[in-house]
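Chemist: how would this look folded up:
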Amino acid sequence: MASAMWNARLRRAGIGYVLGVKGNHWFGSWVTNPLIAGEARDIAANLPEQAWCRLSAGSGTKGERLYDWAYLPLADLDAEEFDCPIAGPWTRGLLIRRNIADGDAAYFTTWPPKGTDIQELVNVEGTRWRIEECCETAKNEFGLDHNETRSWHGWHRHVSLVMLAYAVMASVRYQANSLKSKKTLHRKRQSL
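Modeler: Model (predicted):
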């Protein structure tokens with residue numbers, strides 16, 4: 001129920017999304033041929049092998065994060081039906097990620113502008129890993145989880161301060177790395 005509420009809010013705001021759902025989440029199409037209806041795990045189990053393609057969800061600590069992916073656009077809807085500020089057709093769909101090693105699957109409900117390709121959806125889903133990595137760093141390096149607050153205000157202040165410190169350090173790291181890259185490039189040019 002909460003998922004449907006967030007979906008509607010994001011649609012009204014004109015924000016596309018790739019949101020994880022459980023395997024028993026029900027999907028249904030009303031314009032595809034053939035019609036698609038059922039739980040995400042059942043739909044995935046009945047897909048032919050040619051429906052899958054191997055794509056990277058981005059770089060990880062051990063290299064490219066490769067998975068098999070399938071995307072099923074279920075319905076094209078006009079944004080005006082949702083009071084969306086961005087006009088034009090959007091597509092409601094089902095994105096499925098299958099682990100190459102063990103076949104475990106993850107399921108995502110999607111809402112991109114019509115014509116968005118599967119690689120773009122995979123890139124969006126892949127950012128989740130980076131966000132989780134950032135939260136883990138904020139916990140380990142900046143004490144995000146080291147609070148003993150007894151009020152919402154105290155918790156909010158603690159989290160805001162930690163995230164601000166993390167953002168400043170990320171900015172400093174980015175600037176330092178770009179300066180180092182420029183110096184290295186300058187030295188290479190001088191040696192030529």
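Chemist: model confidence for Arg128, exactly?
Modeler: pLDDT recorded at Arg128 is 80.
Chemist: I'd like to know which elements the helix or strand harbouring it is packed against.
Modeler: Per DSSP states H and E, Arg128 falls inside helix 118-142. The contact analysis (3 or more C-beta pairs under 8 Å, 6 or more residues apart in numbering; DSSP states H and E) places helix 118-142 against strand 17-21, strand 53-60, strand 63-78, strand 89-98, strand 105-111, helix 152-191. C-beta coordinates here come from the backbone N, C-alpha and C atoms, glycine included.
Chemist: contacts for that helix?
Modeler: Outside helix 118-142, the residues that touch it by C-beta atoms under 8 Å, 6 or more residues apart in numbering are 16-18, 20, 53, 55-58, 60, 65, 69, 71, 93, 95, 97, 108, 110, 112, 144-145, 162-163, 165-166, 169.
Chemist: ends of stretch 109-118, how far apart?
Modeler: Chord length of stretch 109-118, first to last residue, is 13 Å (C-alpha to C-alpha, to the nearest Å).
Chemist: name the residues of that stretch that are buried.
Modeler: For stretch 109-118, the neighbour count (16 or more other C-beta atoms under 10 Å) marks Thr109, Thr110, Trp111, Pro112, Thr116, Ile118 as buried.
Chemist: what do you get for stretch 123-130?
Modeler: For stretch 123-130, by 16+ other C-beta under 10 Å, it's Val124, Glu125, Gly126.
Chemist: same question for stretch 5-15.
Modeler: Buried residues in stretch 5-15 (16+ other C-beta under 10 Å): Asn7, Leu10, Arg11.
Chemist: make JSON lines out of these and add secondary structure, pLDDT and distance to Pro85.
Modeler: Listed next are the buried residues of stretch 5-15 as JSON lines, based on DSSP: H, G, I helix; E, B strand; the rest coil; pLDDT from 0 to 100; distance: C-beta to C-beta, whole Å:
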{"residue": "Asn7", "secondary structure": "helix", "pLDDT": "75", "distance to Pro85": "17"}
{"residue": "Leu10", "secondary structure": "helix", "pLDDT": "80", "distance to Pro85": "12"}
{"residue": "Arg11", "secondary structure": "helix", "pLDDT": "77", "distance to Pro85": "11"}
